[in-house]
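from the sequence below, what's the structure:
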Amino acid sequence: MLAAQKMLVLLCVGISLAHDSITPAQLKNIEETLKELKRENEALRSFTKDLSDKLESIQADNKAKKVAFSAGLLASGSQQFGPFDTRETLIYQKIFTNTGNAYDSNTGHFTAPVNGVYFFRFYAHGHPSKQMAVSLHKNDQIQCSVFSLKPETNANGSNGVVLSLQKGDKVYTQLWENSWVFDDESSYTSFSGFLLFPL
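Modelled structure (predicted):
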């Protein structure tokens, strides 16, 4: 019986109660109708909660799929980095975009928020007579690099790669030992990446 029909039955019974005394059969019918209404109400609440949970899950998945960042090495001013005795992670401070907050400007690390295929590109700028060498790493493994050995003029290097990442994998760039890179407000040295599609 539909809820509206049951409400109509209860209304009719209520009207009859106003005129006559209720019979045991009517009382039993009212109790059964109330129990059925309660069951249907609980089922409706459960259905509504399931829909709400599914909607939240879909929204979370869609949010996790929106991943893109781009950053320059310096937030302001100009500076030459290096040389160092060991390889050093470059920490990019000038955030152009960080949708999904997967890039950490405190560590220079991009951390994959979901399993997926990602694209990364980095640029490095060097000055004359100075070695410029930078590598992109996935966790502790070099994926690709740029290198210029003491150029006669300014040197620019760029490389990019498509990587399959698991949630929690880290991608970052490192300056090689005994190497230099330069950056200023024009953001010659930068790092970018985005999710192509989830897996």
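
in this protein, which spans are helices?
3-19, 24-64 (DSSP state H).

for beta bridges, what are the partners of the closest residue in space to Trp176 that isn't next to it in sequence?
Distance criterion Cβ to Cβ, 6 or more residues apart in numbering; nearest residue to Trp176, sequence neighbours excluded, is Ala133 at 3.9 Å. (Each C-beta comes from the backbone N, C-alpha and C, glycine too.) Ala133 has these beta-bridge partners by DSSP bridges: Phe147.

mind listing what Ala133 touches?
145-148, 175-176, 179 (Cβ atoms under 8 Å, 6 or more residues apart in numbering).

need the helix or strand of the protein with the lowest average pLDDT.
helix 3-19 (a mean of 55; mean pLDDT, DSSP states H and E).

give me the domain ranges for the protein.
3-63, 67-198 (automatic domain parsing).

point out the most buried one among the ones you listed.
domain 67-198 (a mean of 17; mean count of other Cβ atoms under 10 Å).

ok, now which ones touch Lys150?
128-131.

closest to Asn139 among these?
Gln131 (25.6 Å; Cβ to Cβ).

grab the nearest non-local neighbour of that closest one.
Nearest one to Gln131, counting by Cβ to Cβ, 6+ apart, is Ser179 at 4.9 Å.

wait, Gln143 sits on Arg121?
No. Using Cβ atoms under 8 Å, Gln143 is not in contact with Arg121; the gap is 11.7 Å.

about what we covered before: distance of the residue nearest to Gln131 from Asp85?
According to Cβ to Cβ, to the nearest Å, Ser179 and Asp85 sit 11 Å apart.

likewise for Asn106?
Asn106 is 23 Å from Asp85, by Cβ to Cβ.

could you list the low-pLDDT ranges of the protein?
1-20, 55-64 (pLDDT under 70).

residue contacts, Thr23?
Thr23 neighbours (Cβ under 8 Å, 6+ apart): none.

what of Asn159?
Counted by Cβ under 8 Å, 6+ apart, Asn159 has contacts 121-122, 136, 144-146.
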